[in-house]
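*Asks:* From the sequence below, what's the structure:
(chains A and B)
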Amino acid sequence: MSVLVDEDTRVVVQGITGGEGKFHTEQMMEYGTNVVAGAVPGKGGQEVAGVPVYDTVDQAAREEDANASVVFVPPAFAGDALFEALDAPVDLVVAITEGIPTQDMSRVYKRLSETDTHLVGPNCPGVITPGVAKLGILPGNIFSSGNVGLVSRSGTLTYQVVDNLTERGLGQTTAIGIGGDPIIGTDFTDALELFEADEETEAVVMCGEIGGEDEEEAAQFIAENMDTPVVGFIAGRTAPPGKRMGHAGAIVSGSGTGTAESKISALEDAGTPVGDTPEEVADHIEEIL
Amino acid sequence: MKLHEYQAKQVFADAGIPTPSSQLAETVDAAVDAADDIGYPVAIKAQVQVGGRGKAGGIKLVDDAEEARAAAEDILGMDLKGYTVDRVLVEEAVDFTNELYVGVTMDRGEGKPVAMVSTRGGVNIEEVAAEDPDAIAREHIDPSFGMHPYQARKAVYDAGVDREVAGDVASVLTTLYELWTEKDGSDAEINPLMVTSDDEVIAADAVMNIDEDALFRHPDLAEMQDEAAEDDLEAKANEYGFDYVRLDGNVGIIGNGAGLVMTTLDLVDYYGGEPANFLDIGGGAKAERVTNALDMVFSDENVDAVVFNIFGGITRGDEVAKGINTALEQFDEIPKRVVVRLAGTNAEEGMEILNTDLVTVEATLEDAVQRAVEYAEEDSQ
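*Replies:* As a prediction, the model looks like this:
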């Protein structure tokens, strides 16, 4: 089993004719993902990597039975592309695009709350169910199939942690990169809820970072609702207040909210061990399984 | 991106929010002329983007030309929390009876804008929020609809604003929300919004921060971006298009992806070193970008050793190796020792290309960081 992505996931790629869209469509297909269509306004009737392109997501969903979308549309148009995917509708939208204005995302978030669709991202590496399919830009070769669920705000940090797990023979059910923006669709709590309900997931790794209070809310969810053990990691312990550390959402406010310290203590209070290094995260998981 | 007070005030005034009359001055003479022109008393206010200017001596109230000259001489050129003051705003001093706070920001937990009003203006509002959260009335707004008129009234009445000025404060809040939306603000604040003895309201300070991801649709605001206010190295990073933050330590750090770079900083600290910077080369970097990154970190005189950590997804190890070679081969003597760790996409190809006479290679992140911390200690100047 897995969460969000499985054998029945049929993908439409929004922005398939762009450089990144095309490259990653090929990579996704090579990994075994069932990409059934592309959607780009004005490019209907073309083909990319053997996949038919439609002018609208609605057409792609109707003609090819697509039930998931991966979005590579540039930031200025991405908000609109997300509305289009939500209205099609598809069950899952994975938004890779980085740099979408926050107020655009705020409106998308409002619309999302009125639908049953899962949105992952934006500014995220995507979702992968090892050996089955990947939706996004994650390098498939470092993942292996197994019983550890993984949810992370950061792409390359995910790769680092997965690499440590895979090396010890600790495979993954599904890995979800939820993205580093201030407003995202699926948050830690949503992802933990999915893993808790998944029978194959026996432990979960949660990689958070400074900014916001999502990790603190997740800690509360773990304490109150989870039987599956969780191991945490928090990046940004050395980040100074008021500076944006790469991700738009990774910022400790002037008044001191969003610090690594507060997140680590919230997780530890919830009985979740937090690794000081990525290696230590793998140590904890090894002990649990 | 933060606007200066004088820029934000201009934006607010253009939208109809009452502001004191003021003039910008870059020299002492110009400041005195402006003060004479406006009429005493006036406030002379340093235009630097730091909080707590008043306490740090960056704002002075003066009653005549002599005092104005002395204050301008003190403030112009002064160092305020690391920023040199090169402009002052000379502003009519407002005789007030009361100080309020109004603000609009994005509540990221709710994914919605929030409008705020408090009768405890004139002090650090974040401290008020921490000590007495009920002293700030908050109203969440549906971003697809905008602020209903009743919401502005509700925030104002809930905050306990005097009814004589409630209508005017609600109107200022409404305008502030409209500006925040129109300009893609991340924060818009008036603190204090002064109430005068004849029940007028006037914005004595102005904060307007803009979402940098939205600057593409606000060319007028992008022009206001103040390159000169930045640290030299941060300005250089802007030019190269890197996410860069300068810190106080001596271990230079380069990597790909915000979370992994932050983790590398944390590990430097964990193993007893001090990070000199955060530098994210981003995804899919080509050789030239890698060379530029090394150039950046080498030009920071605080740096004694460098750790270069790449986990390739869309970034390729061979491109990184080429960039490192190019950066280092131009030197007769390598300025600072560099520890490299390559993993992920094309890492093996990268290791074959990498000139290992010029760098130290480590296989894991933990080993690479420990080695760099060691080098930084040995080579610390």
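*Asks:* For B:Glu131, give its distance to B:Val161.
*Replies:* 20 Å (CB to CB, to the nearest Å). The way it works is simple: take the backbone N, C-alpha and C, and place the C-beta from them, glycine included.
*Asks:* out of everything not next to it in sequence, what's closest to whichever residue of the stretch 51-200 of chain A sits closest to chain B?
*Replies:* Residue nearest to chain B within the stretch 51-200 of chain A (CB to the nearest CB): A:Ser154, separated by 2.2 Å. Closest residue to A:Ser154 apart from its sequence neighbours, by CB to CB, 6 or more residues apart in numbering or on different chains: B:Gly259 at 2.2 Å.
*Asks:* I'd assumed the one you found was in a helix, is it?
*Replies:* Yes - per DSSP: H, G, I helix; E, B strand; the rest coil, B:Gly259 lies within a helix segment.
*Asks:* That one - how many residues pack around it?
*Replies:* 31 (other CB atoms under 10 Å in any protein chain shown).
*Asks:* Which of B:Glu131 and B:Val161 has more residues huddled nearby?
*Replies:* Under the criterion of other CB under 10 Å, the comparison of B:Glu131 against B:Val161 puts B:Val161 first, with 25 against 9.
*Asks:* Give me the neighbour count for the nearest residue to that one once chain neighbours are set aside.
*Replies:* Distances taken as CB to CB, 6+ apart place B:Val169 nearest to B:Val161, at 5.2 Å, with adjacent residues excluded. B:Val169 has 25 neighbouring residues, counting by other CB under 10 Å.
*Asks:* Quick check: B:Val169 is in a strand.
*Replies:* No - going by three-state DSSP, the assignment for B:Val169 is helix, not a strand.
*Asks:* That one contacts B:Val117, correct?
*Replies:* Yes - shown here, B:Val169 and B:Val117 form a contact pair, counting by CB atoms under 8 Å, at 6.9 Å.
*Asks:* Which stretches in chain A count as helices?
*Replies:* For chain A, the helices defined by DSSP state H cover A:19-31, A:57-64, A:75-87, A:102-112, A:155-167, A:188-197, A:214-225, A:260-269, A:278-288.
*Asks:* between these, which one is nearest to B:Val303?
*Replies:* Among the helices of chain A, the nearest to B:Val303 by CB to CB is helix A:155-167 (22.3 Å).
*Asks:* And the closest one, what's buried?
*Replies:* Using 16 or more other CB atoms under 10 Å in any protein chain shown as the test for burial, helix A:155-167 gives A:155-166.
*Asks:* What of stretch B:23-33?
*Replies:* B:23-25, B:28, B:30-33.
*Asks:* Rounded mean pLDDT for it, please.
*Replies:* The pLDDT scores in stretch B:23-33 average 96.
*Asks:* How about residues contacting that stretch?
*Replies:* Contact partners of stretch B:23-33, identified using CB atoms under 8 Å, 6 or more residues apart in numbering or on different chains, comprise B:6, B:34, B:37-38, B:44, B:47, B:65, B:68-69, B:71-73, B:76, B:86-90.
*Asks:* just to revisit the earlier point, for the buried residues of stretch B:23-33, which one is nearest chain A?
*Replies:* Using CB to the nearest CB, those come closest to chain A at B:Leu24, 25.2 Å.
*Asks:* Is that closest one bridged to anything, and to what?
*Replies:* As for beta bridges, B:Leu24 partners with B:Leu89 under DSSP bridges.
*Asks:* distance of A:Met29 from chain B?
*Replies:* According to CB to the nearest CB, to the nearest Å, A:Met29 stands 16 Å off from chain B.
*Asks:* Pull the contacting residues for the residue nearest to that residue when sequence neighbours are not counted.
*Replies:* Spatial nearest neighbour of A:Met29, excluding adjacent residues (CB to CB, 6+ apart): A:Val35 at 5.3 Å. Shown in contact with A:Val35 (CB under 8 Å, 6+ apart): A:11-13, A:25, A:28-29, A:49, A:51.
*Asks:* please redo it, this time with the cut-off set to 10 Å
*Replies:* By CB atoms under 10 Å, 6 or more residues apart in numbering or on different chains, the residues touching A:Val35 are A:9-13, A:16, A:24-26, A:28-29, A:48-51, A:64, A:66, A:68, A:70, A:133, A:135.
*Asks:* Could you check the pLDDT of B:Asp226?
*Replies:* Note for B:Asp226: predicted pLDDT of 63.
*Asks:* I'd assumed A:Ile176 was in contact with the residue of the stretch 51-200 of chain A closest to chain B.
*Replies:* No - contact criterion CB atoms under 10 Å: A:Ser154 and A:Ile176 do not qualify, at 12.0 Å.
*Asks:* what sits in contact with each of those two?
*Replies:* Residues touching both A:Ser154 and A:Ile176 (CB under 10 Å, 6+ apart) are A:124-125.
*Asks:* Would you mind checking the contacts of stretch B:23-33 for buried ones?
*Replies:* Buried among those by 16+ other CB under 10 Å: B:6, B:34, B:38, B:44, B:47, B:68-69, B:71-72, B:76, B:87-90.
*Asks:* Between the residues you listed, which sits nearest A:Ala223?
*Replies:* B:Gln47 (47.9 Å).
*Asks:* who touches residue 213 in this structure?
*Replies:* By default, I'm working from chain A. A:219, A:257-258, A:262-263, A:266, B:108-109.
*Asks:* oops, chain B please
*Replies:* B:Asp213 neighbours (CB under 10 Å, 6+ apart): A:75-76, A:98-105, A:123, A:181, A:248, B:184, B:186.
*Asks:* ok, now which ones touch A:Ile137?
*Replies:* The contact partners of A:Ile137, by CB under 10 Å, 6+ apart, come to A:20, A:23-24, A:27-28, A:70, A:72, A:94, A:96, A:124-126, A:128, A:155, A:177, B:283-284, B:313-314.
*Asks:* Outline the domain layout of the chain.
*Replies:* Picked chain A for this. As assigned by automatic domain parsing, chain A contains the domains A:1-123, A:139-289.
*Asks:* hmm, I had chain B in mind actually
*Replies:* As assigned by automatic domain parsing, chain B contains the domains B:21-92, B:96-222, B:230-378.
*Asks:* So the spatially closest residue to A:Leu112 that is not a sequence neighbour versus A:Leu86, what's the distance?
*Replies:* Leaving out its chain neighbours, the residue that sits closest to A:Leu112 by CB to CB, 6+ apart is A:Leu119, at 5.4 Å. Distance of A:Leu119 to A:Leu86, given as CB to CB: 7 Å.
*Asks:* And those two? Which one has more around it.
*Replies:* Comparing A:Leu119 with A:Leu86 by other CB under 10 Å, the one with more neighbours is A:Leu119, at 27 against 20.
*Asks:* Across the sheet, point out what pairs with the more buried one.
*Replies:* In this structure, A:Leu119 bridges to A:Val93 when assessed by DSSP bridges.
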